[in-house]
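**Q** Next comes the sequence, and after it the predicted model I'd like to discuss.
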Amino acid sequence: MGKTQKKIFNSLLERVREIVKGPSGRDEKLRAICQLLIENVPHYDWVGFYLVDKAKKELVLGPFVGEPTEHVRIPFGKGICGQAAERRTTFVVQDVSKEGNYLACSPKVKSEIVIPLFKGGEIIGELDIDSHTLSPFTEEDRVFLEDVCKIVSELF
Ligand code: SME
């Protein structure tokens, strides 16, 4: 990754911290973070949060920016989001056409990254990003987005 990209990610992290500290409610903050990411990273085309419904072992769609999705509830284990929740780890799929356990939202989507949100060692949600580009996600995206999630977990 070039220096410029690193600088952009660092300045975005700073802005995420400012949003988290701000006066608005949690959902508004989560939506503002989605908006910030989608506006500033060209290969992010849908950005949203899913929150864990612990009793049902399901993910529930929270604030997002991008086209509406039919996947408002996703059982643990299903799709890329459900697999990330079950395994409690970041899931990167560089080509969704090669992923058997995938829930399609739009035919435009070519790749996806899902990062779990943890609080006190427990998974409480996820940050989900779809891209219209094939193989766009680097190690730097993963590190950056895991840092975003660490900051976001302060909201819970
Ligand atoms: N593609 C996801 C479903 C959620 S949408 O991307 C918004 C999956 O396979 O879990």
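**A** Received the coordinates, thanks. Numbers count the residues shown, from 1 in each chain.

**Q** what does this structure have sitting close to the ligand?
**A** Proximity of the chain to the ligand is confined to 46, 48, 69, 71, 74, 79-82, 102-103, 105, 112, 128, 130 under the rule C-beta under 6 Å from any ligand atom. All C-beta spots, glycine's among them, are computed from the backbone N, C-alpha and C.

**Q** try 8 Å this time
**A** With C-beta under 8 Å from any ligand atom as the criterion, the chain meets the ligand at residues 46, 48, 50, 61, 64, 66, 69, 71, 74, 78-84, 96, 99, 101-105, 109, 112, 114, 128, 130.

**Q** Pull out the buried members of the residues you listed.
**A** Buried residues within the residues of the chain next to the ligand, counting neighbours by 16 or more other C-beta atoms under 10 Å: 46, 48, 50, 61, 64, 66, 69, 71, 74, 78-84, 96, 99, 102-103, 105, 109, 112, 114, 128, 130.

**Q** Out of those residues, which sit inside strands?
**A** Counted as lying in strands by DSSP state E, out of these, are Trp46, Gly48, Tyr50, Leu61, Phe64, Ile74, Glu112, Val114, Asp128, Asp130.

**Q** In CSV: those residues, plus distance to Gly25 and pLDDT.
**A** As requested, those are exported to CSV (distance: C-beta to C-beta, whole Å; pLDDT from 0 to 100):
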residue, distance to Gly25, pLDDT
Trp46, 22, 98
Gly48, 17, 98
Tyr50, 18, 98
Leu61, 17, 98
Phe64, 16, 98
Ile74, 24, 98
Glu112, 28, 98
Val114, 24, 98
Asp128, 21, 98
Asp130, 25, 98
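
**Q** Quick one: end-to-end length of stretch 88-106, please.
**A** By C-alpha to C-alpha, to the nearest Å, the extent of stretch 88-106 from end to end equals 25 Å.

**Q** For Glu28, see how far away the closest residue to the ligand within the chain is.
**A** Nearest residue of the chain to the ligand (C-beta to the nearest ligand atom) works out as Gly79 at 2.6 Å. With distances taken as C-beta to C-beta, to the nearest Å, Gly79 is found 27 Å from Glu28.

**Q** Let me see the mean pLDDT of stretch 92-107.
**A** Confidence over stretch 92-107, taken as the mean pLDDT, stands at 97.
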